[in-house]
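Colleague: when you get a sec, could you give me coordinates for this:
(chains A and B)
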Amino acid sequence: MVSCQNEQQVEYNRYYSAGAAVYQTHCQNCHSDKGQGLAALIPPLTDSIYLKINKKQLACYLQNGLSGKITVNHIEFDSKMPAAGLSPIEVAQVLTYITNSFGNNGGLVNTEDVERDLKKCK
Amino acid sequence: MKQMIFFLAAVAIAISACKSNTNSALPILGNREAVTKTVGGKTVTDTVYQTIPAFKFVNQYGDSITDKSLNGKIYVADFFFTSCPSICPTMHRNMLNVYQEFKNISDFKILSHSIDPKYDSVAVMKKYADKLGISGQCWWFLQGKKEETYKLATSYLSMAAEDKAAAGGYVHDGYFILIDKQKHIRGTYDGTNADQVTKLIADIKTLQAEPDQSMAQ
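Modeller: Sure, this is the predicted structure:
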C-alpha cells in the first residue's frame, strides 16, 4: 500500500516538474509566471471552478487552440489562444502543472487521460 | 549605550551614502557630437546629444499625436502589436506597473507604437487599451505609417521590422526607452524583465528630481 502510494506520488512529481518546464516555454509569456493572465486580454489560470468544469476539454483547448467568448474569474474574455503544438505527453505534463499550481488542486492528468479526451474534441 | 548610538549613526550614514549613490544622475545615451560655435565673441564647445526626431501618429482615441505633444513631458516608449503571440503580453504586464505608478502625473506619458498598423486600427487599439484597463491620457497606443514607425524605432536605439519567419510576422525587441523633457534618451530597459522595469520606475523618479526636468517647459 505504502509503495503503491509512493509510485503515484513519483508519477505525479514527474509530470508536475516536466509540466513546469513546458509551461515556461509555451504558456508563461501570455499567462504569466503566476498564472494571473493579463487584465481582460488574457484569462488567468487561477479559476479552479472553470478548470474543474472544463477538465475534459482542456487537452482539446491546447491541441486546437481556443477562441470565442469565455468567462473566467467573472470576467468575459474574447481573444484567441493559438494551438500550443504539444505532444499528448506534454499536454498531460502541463495540465498537471497548471491544475495543481496558482491555487488549483486538480491532481494528476496522465497521458492516457489526455489521449482519451483528445478523441472527443468538439 | 553611547557606542551603540555611534554604531547606529555610522550605519545610517553608510546606508544614506549608498542611497545617494543609486540616485546619481542618469546618463544621456545615443550619439553625441562636439559643436564649436562663437557666442559673444568667445569660442565655446558644447556637446550635442542625440534627440528623438519629429513624428506624427494617431492614438487610440483617433487624435493626432506628434513630437510636440511630448514637449515638456518625460515619457517611456515601446514597440509592440496587439496580436503579438510572444513577448508583448509580458511587456505590457510589466508596463502596467509603470502606468499604475505614474498615471496621475500630468507631465508623464507612455507611448506604445504598433508595428502592425494594418491590423492595429484605431478601433483595435482602443479595444486593446480598454481591455488592459487603460483610460485617460497617460498611456497612448499609437499607429501610423509603418515605415515611419520602423525608422523611429532606430532613433530609440530599438528595432522593429516585418519578418515572415518570426512568430506573428514581426520582429522587435522588448525594450522600454526612457526619454526626458529635452527628448534625450536616458535609459533602456528590457520590458520582459520585471526587475529591469522596477529599475525603470526608480529611474523615472530620479529623472523627475533633476532640475532640468522639474520645470514646465
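
Colleague: quick one: residues in contact with the helix or strand containing A:I89.
Modeller: Using DSSP states H and E, A:I89 maps to helix A:88-98. Helix A:88-98 is touched from outside by A:12, A:15-16, A:18-20, A:22-23, A:26-27, A:35, A:45, A:51, A:58-59, A:62-63, A:84, A:86, A:104, A:108-111, A:113-115, A:118, with contacts defined as C-beta atoms under 8 Å, 6 or more residues apart in numbering or on different chains. Just so you know, the C-beta spots here come from the backbone N, C-alpha and C atoms, and that holds for glycine as well.

Colleague: downstream of that helix, the next helix or strand is which one?
Modeller: Next along the chain after helix A:88-98, taking DSSP H and E as the criterion, comes helix A:111-118.

Colleague: nearest to chain A within chain B, name that residue for me.
Modeller: Proximity to chain A, evaluated over chain B using C-beta to the nearest C-beta, is greatest for B:K131 at 4.1 Å.

Colleague: give the contact list for that residue.
Modeller: A:39-41 are the contacts of B:K131 under C-beta under 8 Å, 6+ apart.

Colleague: neighbours of the nearest residue to it once chain neighbours are set aside, just the number please.
Modeller: Take B:K131 and drop its neighbours on the chain: the residue closest to it by C-beta to C-beta, 6 or more residues apart in numbering or on different chains is A:A40, 4.1 Å away. Neighbourhood size, A:A40 [other C-beta atoms under 10 Å in any protein chain shown]: 16.

Colleague: same check, this time on B:D163
Modeller: A count of neighbours around B:D163, defined by other C-beta under 10 Å, yields 12.

Colleague: likewise for the one 4 residues further on?
Modeller: The number of residues packed near B:A167 is 12, by other C-beta under 10 Å.

Colleague: over to B:M159?
Modeller: Neighbour tally, B:M159, other C-beta under 10 Å: 14.

Colleague: if I look at it, how far off is B:K151?
Modeller: 11 Å (C-beta to C-beta, to the nearest Å).

Colleague: circling back to that earlier point, as TSV, the contacts of B:K131 with pLDDT and secondary structure would be great.
Modeller: Converted to TSV, the contacts of B:K131 look like this (pLDDT from 0 to 100; DSSP: H, G, I helix; E, B strand; the rest coil):
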residue	pLDDT	secondary structure
A:A39	95	coil
A:A40	96	coil
A:L41	95	coil
